[in-house]
Structures are given as structure tokens and as C-alpha cells.
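A.B. asks: Structure for the following, please:
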Amino acid sequence: YTSYSVYVMNDGILALLGLPTTLPNLDGYRGVAFWNPATNSLVTNYLLESGSCGPMVNIYSFSRTPDRANLFLAGGGGICEIDAATDTAIYAPPDGFMLGMSFSPDGKWLVTYSDSGSGTGYAHVLDAGTLTQVAQFPINSSWISNTYFFVGPDSQTLYVNSDTSVYAYNLSSGQLLGWLPNIFLTFTSGGNAWGPLYEPQFEAMDGTGLLVGPVEEGVGFIDTTSLRTGTL
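C.D. replies: Numbering: from 1, shown residues only. Next up, the predicted model:
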């Protein structure tokens with residue numbers, strides 16, 4: 001089973017992202033599998049459209065809950081939550097193509113992102129246990145940069161990076177709290193590009209408010225303690 005990404009779940013089972021479409025970076029992936037190293041058994045009944053996560057048509061985002069108990073897939077046609085221990089799945093069909101996801105550190109909220117392609121996207125806040133949508137609000141986004149986002153340690157602040165700016169929103173109200181200049185890098189024309197491209201993909205924040213994440217062949221840092229509230 002060819003795998004393109006892997007997560008270790010809380011029971012030691014490995015979640016594998018595989019079966020890419022023709023162009024994975026553009027069209028996503030089409031299935032996942034669970035491998036139990038202790039028994040060398042592989043479960044592959046999560047093929048999209050015809051499997052437990054149907055009628056999803058592709059996978060753009062592949063993640064897990066903070067406690068590593070459940071696996072989440074987001075993509076064309078909705079979201080799928082998979083419990084590897086019980087071999088069960090829950091499917092939910094939010095509007096649009098889900099291009100990313102982030103969990104609040106307390107595990108209560110799942111935030112996904114959809115984009116109309118016009119520069120304005122939408123954050124969808126869902127109950128992580130039931131996949132019920134509890135809020136939706138517009139965010140500044142960029143289709144070309146494949147907007148990334150991160151929920152802060154307070155489980156209330158959503159950080160969205162889009163081209164040259166990082167925006168902070170309140171998850172409950174959708175209110176824009178402020179913005180910061182972002183790190184924006186372009187790769188050499190005709191050369192290899194090693195992602196995340198353009199701007200950092202934030203994955204952690206320290207106790208001082210410093211956001212950190214990988215960016216083109218390196219690591220990017222953003223200090224969120226100096227949010228700006230004026231005109232961009």
C-alpha cells in the first residue's frame with residue numbers, strides 16, 4: 001500500500017494516506033488505510049465514493065484529533081471522521097470544497113476552510129464530535145497560496161495566513177481581531193519547489209505568542225503579540 005502521509009493513532013495503529021489522483025497537489029487523494037504493525041493487518045475499506053467516507057470525491061486535508069483517537073479527512077464533497085478502534089465513520093457534507101482543517105487544542109472544535117476562488121473564503125466551525133456546523137464566517141484568503149490556518153492555545157483565536165498577511169479571528173463571533181505582515185517566499189522559476197510554498201504552514205505556538213511552522217526549505221516564525229488593527 002503506497003503511502004504519502006502517516007499518522008500514529010493513540011492505540012499504535014498507523015493511519016496511511018494513499019491512492020493519489022493523477023495530480024495529488026491539485027486534485028488530492030482518494031483513500032486511506034489503517035495498518036496494525038502488531039498483527040501486520042491492513043484495513044482499506046475507506047475508499048472514497050464507494051466506501052465508508054462516500055460520497056467524498058477526493059482528500060485535500062488529512063489530520064487527527066489532539067488526543068489521536070480519530071482521523072479526519074476533508075475535501076471535495078465534505079468531511080469524514082473515522083474511529084480506527086471501532087472501524088466506523090461519520091460523514092458530513094458542508095458546502096464547498098474543504099481545503100484545510102485545524103483543531104482547537106481542547107479538541108472541541110474542528111475548523112475547516114472553503115474558498116470561492118475570488119479571494120474571499122469561509123471558515124466553518126464544527127463540533128468535532130458530531131461534525132455539526134456551529135458557525136461560519138468570511139475570512140481573507142488566497143486560492144493560489146492554498147491558505148493555511150491554526151487555532152491558538154486559547155482554543156478561541158483562529159490565525160489565517162494568506163499571501164503577505166496573517167489574520168486573527170475570534171472563533172465564536174468571526175470578528176477580525178487584527179493582522180500582521182506575513183513571510184512570503186517564491187521559488188525559482190523552473191526549479192524544484194519543496195512545500196509548504198509561499199508562506200509558513202503554522203503548526204505550533206509557544207508561551208510567548210510565537211507562531212512557528214515549515215515554509216519553503218526552512219522554518220517561519222511570526223510574533224502574534226504585535227497584532228495590528230489599522231488599515232491593511
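A.B. asks: Low-confidence ranges, the protein, go.
C.D. replies: In the predicted model, the chain carries pLDDT under 70 at residues 20-27, 45-51, 54, 94-99, 115-120, 142-147, 188-195, 231-232.
A.B. asks: any idea whether the spatially most central residue of it is helix, strand or coil?
C.D. replies: Taking Cα atoms, centre = their mean as the criterion, M101 is the residue nearest the geometric centre of the chain, at 2.8 Å. Under the three-state scheme (DSSP: H, G, I helix; E, B strand; the rest coil), the conformation of M101 reads as strand.
A.B. asks: Correct me if wrong: it contacts G78.
C.D. replies: No - contact status for M101 versus G78: not in contact, 11.8 Å apart, counting by Cβ atoms under 8 Å. Where C-beta positions appear, they are placed from N, C-alpha and C, glycine not excepted.
A.B. asks: Identify the residue nearest K108 in space, chain neighbours excluded?
C.D. replies: Nearest-residue entry for K108: A128, 6.1 Å, with adjacent residues in sequence omitted and distances by Cβ to Cβ, 6 or more residues apart in numbering.
A.B. asks: What's the local residue count around the one you found?
C.D. replies: Neighbouring residues of A128 were enumerated by other Cβ atoms under 10 Å; the total is 20.
A.B. asks: Run a quick check on it versus P66, I expect a contact.
C.D. replies: No - no contact is recorded between A128 and P66 when judged using Cβ under 8 Å, the distance being 9.1 Å.
A.B. asks: Having no further points to raise, I will conclude here.
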